[in-house]
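Novice: just coords:
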């Protein structure tokens with residue numbers, strides 16, 4: 001069933017209050033810098049004979065690679081919704097089936113999704129045969145006087161082409177031997193910088209962070225990391241950022257990681273953690289994806305749609 005952008009956007013904001021405007025929709029689903037166009041669809045309730053819209057979703061296409069060598073194309077379920085009166089009637093299962101069908105048509109290797117552990121959709125995706133990669137949604141919401149951290153060591157940076165090239169280089173270097181989203185320079189800038197929200201750069205010591213800020217949250221879209229540094233060095237900088245966010249900006253800090261060791265260190269520092277999954281459902285292409293479950297994933301908050 002065809003649906004206009006205006007109508008689909010209205011459904012998104014109905015199910016997810018304050019989801020966004022036309023600019024947000026265009027960035028998510030009409031972004032021409034990425035190779036494969038997004039699929040947008042709705043599902044209807046036909047039992048009543050009225051053919052009424054009941055649910056909808058999109059499939060956004062990206063590439064992932066291991067050490068910039070083995071590349072796979074994936075479809076990502078994004079903004080999936082079911083209207084309240086149609087929940088519990090199997091529409092999310094139908095959404096998975098339709099999304100997988102579209103992924104196969106686009107010759108993608110897998111259908112993926114970001115879900116929280118508590119969300120019922122995670123159980124449906126696992127039941128469908130998805131490989132599950134643990135993810136961690138991490139928050140810092142208040143000062144902790146037990147930690148002696150200089151919150152004034154946070155410096156705002158101007159966004160320049162030189163700095164952007166440094167950030168892209170950092171991304172390329174850290175992803176070695178890891179399974180990560182794949183970008184060239186232009187798509188990296190589009191994904192992490194050219195967003196419709198309030199985006200800026202912060203520097204703590206020598207580490208750069210890409211930040212998205214809204215009314216109550218400071219989101220870490222990307223943080224520079226060094227292959228050879230101790231993880232504790234990074235988590236201490238993140239604590240400094242959390243103290244700055246809560247003390248100077250009156251906002252909570254939000255960080256996303258697939259690194260369990262980072263998660264454990266941040267728990268000790270009184271961060272709050274919500275468990276989740278990055279699910280990978282093979283599309284039955286000719287490529288075997290058994291290697292995925294043994295790969296070291298590195299996924300940033302800014303990689304998410």
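Specialist: Received it, and whenever you're ready, just let me know what you need. These numbers come from a predicted model, not from an experiment.
Novice: Quick check: which ranges of this structure have low pLDDT?
Specialist: The chain contains residues with pLDDT under 70 at 48-49, 67-68, 143-152, 285-288, 290, 293-294.
Novice: Longest strand in it, please.
Specialist: strand 52-66 (DSSP state E).
Novice: Adjacent strands (with direction) for that strand?
Specialist: strand 39-45 (antiparallel), strand 70-82 (antiparallel), strand 179-181 (antiparallel) (DSSP bridges).
Novice: What residues of it count as buried?
Specialist: 53-66 (16 or more other CB atoms under 10 Å). C-betas here are computed from N, CA, C, even on glycine.
Novice: starting at the chain centroid, how far to that strand?
Specialist: How far strand 52-66 lies from its chain's middle: 13 Å, per CA atoms, centre = their mean, to the nearest Å.
Novice: so where do the helices sit in the stretch 201-305 of the chain?
Specialist: 231-248, 260-268 (DSSP state H, counting those that start in this stretch).
Novice: starting at the chain centroid, how far to the first one?
Specialist: It stands for helix 231-248. Using CA atoms, centre = their mean, the offset of helix 231-248 from its chain centre is 21 Å.
Novice: And the shortest one, by the same measure?
Specialist: Chain-centre distance of helix 260-268: 19 Å, with CA atoms, centre = their mean.
Novice: Specify the angle between that helix and helix 231-248 in degrees.
Specialist: Orientation note: helix 260-268 sits at an angle of 40 degrees relative to helix 231-248 (axes from the mean of the first three to the mean of the last three CA atoms, to 10 degrees).
Novice: all strands for the stretch 51-200 of the chain, in order.
Specialist: 52-66, 70-82, 110-116, 131-140, 154-157, 179-181, 198-204 (DSSP state E, counting those that start in this stretch).
Novice: helices or strands next to the fifth one in the packing?
Specialist: This means strand 154-157. strand 198-204, helix 231-248 (3 or more CB pairs under 8 Å, 6 or more residues apart in numbering; DSSP states H and E).
Novice: just the last one next, same as before
Specialist: Using 3+ CB pairs under 8 Å, 6+ apart as the contact definition, the elements that strand 198-204 packs against are strand 154-157, strand 207-213, helix 231-248.
Novice: Turn those into CSV, columns for distance to residue 188 and mean neighbour count.
Specialist: Formatted as CSV, those follow (distance: least, CB to CB, whole Å; neighbours: other CB atoms under 10 Å):
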stretch, distance to residue 188, mean neighbour count
strand 154-157, 17, 13
strand 207-213, 10, 20
helix 231-248, 20, 20
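Novice: Out of those, which is closest to residue 136?
Specialist: Closest approach to residue 136 among these is made by helix 231-248 (12.4 Å; CB to CB).
Novice: what does the closest one contact?
Specialist: Outside helix 231-248, the residues that touch it by CB atoms under 8 Å, 6 or more residues apart in numbering are 140-144, 147, 149-151, 153-154, 202, 204-205, 207, 209, 218, 220, 223, 225, 251-253, 255, 259, 261-262, 265-266, 269, 271.
Novice: hmm, try it at 7 Å
Specialist: 140-143, 147, 149, 151, 153-154, 202, 204-205, 207, 209, 218, 225, 251-253, 255, 261-262, 265-266, 269 (CB atoms under 7 Å, 6 or more residues apart in numbering).
Novice: can you check stretch 271-289 too?
Specialist: 72, 100, 103-104, 108-117, 122, 125, 128-141, 258, 263, 267, 292, 297, 299.
Novice: Only the buried subset of these, as a PyMOL command please.
Specialist: A single PyMOL command selects the buried members of these (16+ other CB under 10 Å):
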select buried, resi 72+100+103+108+109+110+111+112+113+114+115+122+125+130+131+132+133+135+136+137+138+140+141+258+263+292+297+299
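Novice: and the residue nearest to residue 132 when sequence neighbours are not counted, bridged to which residues?
Specialist: Spatial nearest neighbour of residue 132, chain neighbours left out: residue 277 (4.5 Å); criterion: CB to CB, 6 or more residues apart in numbering. In this entry, residue 277 is beta-bridged to residue 115, residue 134, by DSSP bridges.
Novice: burial measure for residue 277, as a count.
Specialist: Residues lying near residue 277 (other CB atoms under 10 Å) number 22.
Novice: And for residue 3?
Specialist: Neighbours of residue 3 (other CB under 10 Å): 15.
Novice: For it, which non-adjacent residue is closest in space?
Specialist: residue 42 (5.1 Å).
Novice: For that neighbour, give its distance to residue 82.
Specialist: Residue 42 sits 11 Å away from residue 82, taking CB to CB, to the nearest Å as the criterion.
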